[in-house]
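> Pasted the sequence and its predicted model underneath.
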Amino acid sequence: MEAVLPVLDSAVRLSVPLILAALAGLFSERSGIFDIGLEGKMLIAAFAAGAVAGVTASAWLGLAAAVVASVAFALVHGYASITQRGNQIVSGVAINFLASGLTAFLGQAWFSQGGRTPPVPAGGRFAEIELPGAEALRGVPLVGPVYAELISGHNLLVYLAVLAVPLSAWILYRTRFGLRLRAVGENPAAVDTAGISVAWLRYRAVMIAGIFCGFAGAYLAIAQSAGFIRDMTAGKGFIALAALIFAKWRPWPVLGACFLFGLLDAISIRLQGARLPIVGEVPVQAIQALPYLLTVVLLAGFIGRAVPPRAGGVPYVKEH
Amino acid sequence: MAAPAIELVGIDKSFGAVHANRNIALTVEKGTIHGIVGENGAGKSTLMSILYGFYHPDAGEIRIDGRSVQMRSPQDAIAAGIGMVHQHFMLVEPFTVLENVMLGSEGGALLRQGIRNARATLEAIARDFGLFVDPDAVVGSLPVGLQQRVEILKALYRGAETLILDEPTGVLTPAEADQLFDVLRQLRAQGKTVVLITHKLREIMAVTNRVSVMRRGEMVATMPTAEAAPERLAELMVGRRVLLRAEKETVVPGRPLLGARDLALEDERGVTLLSGITFEVRAGEIVGIAGVAGNGQSELMEVIAGMRPATGGALFLDGREIDLTGGCDAAAMRRIGLAHVPEDRHRTGLVMPFEECDNAILGYHRDPRYGSGWLMDRRAVEAKANQEIAQYDIRPPDCRLPAANFSGGNQQKIVLGRELERDPAVLVVGQPTRGVDIGAIEFIHRRLLDMRAAGKAILLVSVELDEIRALSDRILVMCGGRIVGERTPAASETELGLLMAGADRAAA
C-alpha cells in the first residue's frame, strides 16, 4: 500500500493536463475540426499563466490570461479551418510552431531568463486543498490513506479536471448543443439543412477547446510547477490526442485513457534509477520512452477500430 | 379556390457564367402531387434549393399560400411549412431515428423534454400517415427505403405542409419505390402538397397530377399529367425528338466469347460475395445483369475485369481459360480483348483533374502510337482525343479541359470512346447511363447496339430495369451474390422485381 499510493497520487497529478487537453480535443474533433494544435495552445497558455502570475502574484489572473491566450490561438485555428476552409492539420502544425517560437522569444525578450518566466510567488499558484476530515480519517485502514493521500491534497484545477468529465458527457449527450455538435461532426449538411449554422457551431466547439487548453496550460505553469519553462508541454498535447483516439472520442473513456497514460508516466519516474531483477539498472531514456512506446502499441492493436467523426478534417462547403 | 401552395414568379439565378434558372414561373396547387422533370443540369435542383432557402435568387418572388415570403435560410422555409427530402439523405448515421428527427427543432436547451415530445409526435404521424419506423433504431443500420422514410418524418415533424422530394427513387428497389408512391398518395389524401423532382418519366405518369418540364434553366411547359405522354415530355426535356426505346436489329448470336464457370469470391473476413456464378455471352449478344445495387454485381465486374482475384472458378475468354484465382491483372485482360466500362466513372473510370486527352488514353498510354519509350507524343494523344470528341459528340469539344468540367453524360462518352475504340471482342459495361441525360442515353444505347451488331459479346450491368430490358437479349438476375434466375426481356417488371428481391428464397 505504502509503495502504491504515491505512484497513484503522482499518476493523478500527471494525468490532469492530459484530461483537460483530451477534452479540448474531444469538443473540437466531435464538431469535425481536427486539432493537433492542442500542444501549442497548452504551451501558449502555460506561458501566459506563468508570465501573468509571476508578475501579478495572482493565480486567478494567471488562469484568465492562459484561457485568453489559448482561445485566441483556437480562434486562429478556427478562422483557418472553418472560415477559410484550410487544411486543419497544416493549421494545427502552424499553431504548434508558433507557440513554441513565440513563448521562447517573448520569454527571453520580457524576462531575459533563457525563456523562463520569473518564479511565481506563493499567491500566484493554485495551492493544495486539504479536504475536510482527511487528517481525522487517516487512521482508518485502507479508506483513510486513500482519502488522505490520493483524494485529498490536490489543487483546485485537479478537481475541476475530474469534474469536467461528467460535465462534458452531460453537455454532449443531454443538451441541444451536444446533439448538434455530434451531428455537425458526422454530417454537417444535415445540420445545415435543418437550419442551423455549421460555422457558428464549429466556432463554439473550437473556443471550448481553447478554454480547456487554457486550463491545462495554467495547470502546468502555476499549479504543478511554479513558473513557465521552455517547451514545458513536452508532447503532452500529442499524448492527449492519442488518449482521445484510444477513448474513441467519448468523455468517460477519456478519463480512463488519460489516467492510464498518467500512470505510465508516474511508473517511469518511479523506475528511474531503480534496479530491476535480471535487467539491472534501466537507462533513464528507455524508461522515459515507455509511455510513448505504449501509446504506439495500444493505438496499433489494442483498441480495435477507432472510427473518427465522419466529417472530421473536411471543410464544409455547400453543394450545388 | 384556395391560394396555391407554392407560387414562384420570375425566379432568376446565375452561378458565375452559368445561368441556372431563367425567369421561372411555377404554380403548385394545394393537395396535389406536382412533378418536375428535366435533364441533369436543367436547373430543377437549383430551383428547389432556392425554394428551400439554400440559395438566394438574383430576382423573383416566392409566394406560399398567397403570401410573399423571403427565404433567407432553410429555417425560413421550414417556418413557411416547406420540407425537403434530398437526393443524398441529410441524416446523421450513428444517430437514432428520434435524434435525427429532433435535430434542429429540439424544443429547448436540454433534450429530456424534447425527446418525450418527439416520441409522442412521431407516434401520431405514424398513425396518421402509416409511416412506421422504430424511433430507437440507429439510422445507419436501416435499409435505404426506411432511411428515406426518416427524411419524410423529419419534414412532417417540423410541420411541413409541402414536401419536396429530389430524385427520391434513384436508390430504391422497384418495390420500395412503389411503397414510396403509396406514402405520397397518402400524404396527398391528407391534404399535403408534394413536389416530385425526377428524370424518370414513368414515375411522373404513375403518381403526379400535374407536370412541369425544365430545360436549360427554363420552365418550358406545365400540363396536367393526364394530357401528357412520355414521348412528348421527353421531347420537351431534350428539345428534339427522342427515341425512348432503341431499335434493336436481329442478330444471330455466334460462338461464346465470354464465359464464367462457378466463379466465387470471398472477402478477407471469409464473407461470401459471389458464389456459383456460371454464364456465357455469345458474339452479337447483350446479356443484362439485373439486381438491386449491392448484390454482387460490382464484385462480379471487378473479377471479370481483372481488378480483383476470384477465390474460385474459371473465366473463359474466346475459348481460352483464364485463371483468375492466382492473381489479377486488369492490363492483361485488356490486352487479350476485354474492354471494361466501370460502374463508377468518377472513381475508376476517369482521373477527374486530368485533361480530357489524358483520360482518353488512360490505361492505353503504353501503346506505341502515343509515344516511344518513356516519352509521350502529345500531338498523337491529342489527335486521338479529338477524333473521339468528334465521333462521340463530346461537348465542349476541348480536349485540354479537365474531365471534371464535363457533364455526366459527356464524361461517360469519354470512357466509352476510350474503351470501345480499341475494337475489343468482349465488353463489360457497368451502369452506362447512371446520371446521364436522356439525349446522351439514346446515343450510348445506340453505340452499344452497334457493338452488338458488330459481333461483340456484351455483359451489361445496370440497376435500371428499363435499360436492361431495352438492350438485353437475355437477363440474368443477381441476388445475394448468386444468379437466381434467367429471363427474357419480355419478362414483366414485377417478375424481375420479385427475383431481384430474392422472393424465391427465405433471405430478406
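On my side now, so go ahead.

> A:Arg174 touches B:Ala109, doesn't it?
No - the criterion here is CB atoms under 8 Å, and A:Arg174 misses it with B:Ala109 at 9.9 Å. Using the backbone N, CA and C atoms, a C-beta is placed for each residue, glycine as well.

> which one of those two has more residues nearby?
A:Arg174 (15 against 10; other CB atoms under 10 Å in any protein chain shown).

> and the more buried one, what does it touch?
Taking CB atoms under 8 Å, 6 or more residues apart in numbering or on different chains, we find A:Arg174 in contact with B:110-112.

> try A:Val68
Counting by CB under 8 Å, 6+ apart, A:Val68 makes contact with A:48, A:214.

> Try it again at 10 Å.
By CB atoms under 10 Å, 6 or more residues apart in numbering or on different chains, the contact set of A:Val68 is A:45, A:48, A:52, A:210-211, A:214.

> gap between the closest residue to B:His19 other than its chain neighbours and chain A?
In space, and not counting its chain neighbours, B:His19 is closest to B:Gly217: 5.3 Å by CB to CB, 6 or more residues apart in numbering or on different chains. Distance, B:Gly217 to chain A, by CB to the nearest CB, to the nearest Å: 13 Å.

> where are the low-confidence patches of the stretch 51-200 of chain A?
The model of the stretch 51-200 of chain A has no residue with pLDDT under 70.

> That one against chain B: which residues are in contact?
Residues of the stretch 51-200 of chain A found near chain B (CB under 10 Å from any CB of the partner chain) are A:170, A:173-180, A:182-197.

> thinking again about what came up before, out of the contacts of A:Arg174, which are buried?
Buried residues within the contacts of A:Arg174, counting neighbours by 16 or more other CB atoms under 10 Å in any protein chain shown: B:Leu111.

> Please tabulate the contacts of A:Arg174 in a markdown table, including the columns pLDDT.
Output for the contacts of A:Arg174, formatted as a markdown table (pLDDT from 0 to 100):
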| residue | pLDDT |
| --- | --- |
| B:Leu110 | 92 |
| B:Leu111 | 91 |
| B:Arg112 | 91 |
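
> for the contacts of A:Arg174, which one is nearest B:Phe95?
Ranked by distance to B:Phe95 (CB to CB), the contacts of A:Arg174 are led by B:Leu111 at 12.0 Å.

> dump the residue contacts of B:Thr250.
Contact analysis of B:Thr250 by CB under 10 Å, 6+ apart lists B:284, B:453.

> and it, what element?
Assessed by DSSP states H and E, B:Thr250 sits outside every helix and strand.

> Also the one 3 residues further on?
B:Pro253 is part of no helix or strand when elements are defined by DSSP H and E.

> How about it, nearest residue that isn't a chain neighbour?
Nearest to B:Pro253 is B:Arg282, by CB to CB, 6+ apart, at 3.8 Å.

> do B:Val436 as well
Among residues not flanking B:Val436 along the chain, B:Gly409 sits closest, at 4.2 Å (CB to CB, 6+ apart).

> Contacts only, for that neighbour.
By CB under 10 Å, 6+ apart, B:Gly409 lies in contact with B:39-41, B:394-395, B:433, B:435-441, B:443-444.

> Tell me the one of those nearest B:Lys456?
Closest approach between the contacts of B:Gly409 and B:Lys456, by CB to CB: B:Ile444, at 14.8 Å.

> so the closest one sits right up against B:Ile414, yeah?
No - taking contacts as CB atoms under 10 Å, B:Ile444 lies outside contact range of B:Ile414: 11.8 Å.

> so what sits against both of the two?
Joint contacts of B:Ile444 and B:Ile414 (CB under 10 Å, 6+ apart) are B:Tyr392.

> picking up where we left off before, what is the three-state secondary structure of the residue nearest to B:Val436?
helix (DSSP: H, G, I helix; E, B strand; the rest coil).

> Next, work out how far apart it and B:Lys44 are.
Distance, B:Gly409 to B:Lys44, by CB to CB, to the nearest Å: 16 Å.

> circling back to that earlier point, could you tell me which of the contacts of A:Val68 are located in helices?
Residues of the contacts of A:Val68 located in helices (DSSP state H): A:45, A:48, A:52, A:210-211, A:214.

> got CSV for those residues, with neighbour count too?
Listed next are the ones in helices among the contacts of A:Val68 as CSV, based on neighbours: other CB atoms under 10 Å in any protein chain shown:
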residue, neighbour count
A:Ala45, 38
A:Ala48, 29
A:Val52, 27
A:Gly210, 28
A:Ile211, 21
A:Gly214, 31
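
> wait, which of those residues is closest to chain B?
For the ones in helices among the contacts of A:Val68, the minimum distance to chain B (CB to the nearest CB) is 19.0 Å, reached by A:Ile211.

> Show the contacting residues for that closest one.
So A:Ile211 contacts A:20, A:23-24, A:27, A:41, A:45, A:66-68, A:70-71, A:74 (CB under 10 Å, 6+ apart).

> Most neighbours among those, which one is it?
Neighbour counts for the contacts of A:Ile211 (other CB under 10 Å) peak at A:Ala45, which has 38 neighbours.

> What residue in chain B comes nearest to chain A?
Counting by CB to the nearest CB, chain B gets nearest chain A through B:Gly104, at 2.8 Å.

> And for A:Ile151, nearest residue in space, chain neighbours not counted?
Distance criterion CB to CB, 6+ apart; nearest residue to A:Ile151, sequence neighbours excluded, is A:Leu131 at 6.6 Å.

> one step back: could you give the backbone dihedrals for the residue nearest to B:His19?
phi 80, psi 0 (degrees, to the nearest 10).

> Can stretch B:50-68 be said to contact chain A?
Yes - Stretch B:50-68 is in contact with chain A by CB under 10 Å from any CB, via B:52-55.

> what secondary structure does the nearest residue to B:Leu460 once chain neighbours are set aside sit in?
Nearest non-adjacent residue to B:Leu460, counting by CB to CB, 6+ apart: B:Gly288, 4.7 Å away. Look at B:Gly288: counting by three-state DSSP, its state is strand.

> Residue of the stretch 101-250 of chain A closest to chain B, please.
For the stretch 101-250 of chain A, CB to the nearest CB, closest residue to chain B: A:Ala194, 2.8 Å.

> what's the host helix or strand of A:Ser91 packed up against?
Element membership for A:Ser91, per DSSP H and E: helix A:88-111. Contact partners of helix A:88-111 among helices and strands, from 3 or more CB pairs under 10 Å, 6 or more residues apart in numbering or on different chains; DSSP states H and E: helix A:4-30, helix A:38-56, helix A:59-78, helix A:236-246.

> and the angle for the second one with helix A:4-30?
This points to helix A:38-56. Interaxial angle of helix A:38-56 relative to helix A:4-30 (axes from the mean of the first three to the mean of the last three CA atoms, to 10 degrees): 110 degrees.

> quick revisit: give me the neighbour count for the residue of the stretch 101-250 of chain A closest to chain B.
When neighbours are defined as other CB under 10 Å, A:Ala194 has 22 of them.

> cool, B:Leu265 as well?
The tally of other residues near B:Leu265 (other CB under 10 Å) stands at 24.

> part of a strand, is it?
Yes - according to three-state DSSP, B:Leu265 belongs to a strand.

> ok now do it, which residues does it touch?
Counted by CB under 10 Å, 6+ apart, B:Leu265 has contacts B:271-275, B:277, B:296, B:299-300, B:302-303, B:308-313, B:324-325, B:481.

> how about 7 Å then?
B:Leu265 makes contacts with B:273-274, B:299, B:303, B:310-311, as judged by CB atoms under 7 Å, 6 or more residues apart in numbering or on different chains.

> Could you check the pLDDT of it?
Note for B:Leu265: predicted pLDDT of 91.

> Next: the one 3 residues further on.
Per-residue confidence at B:Glu268 stands at 80 (pLDDT).

> any idea how far it is from B:Thr311?
For B:Glu268 relative to B:Thr311 (CB to CB), the value is 11 Å.

> of the two, who's got more company?
Using other CB under 10 Å as the criterion, B:Glu268 and B:Thr311 rank with B:Thr311 on top: 18 against 5.
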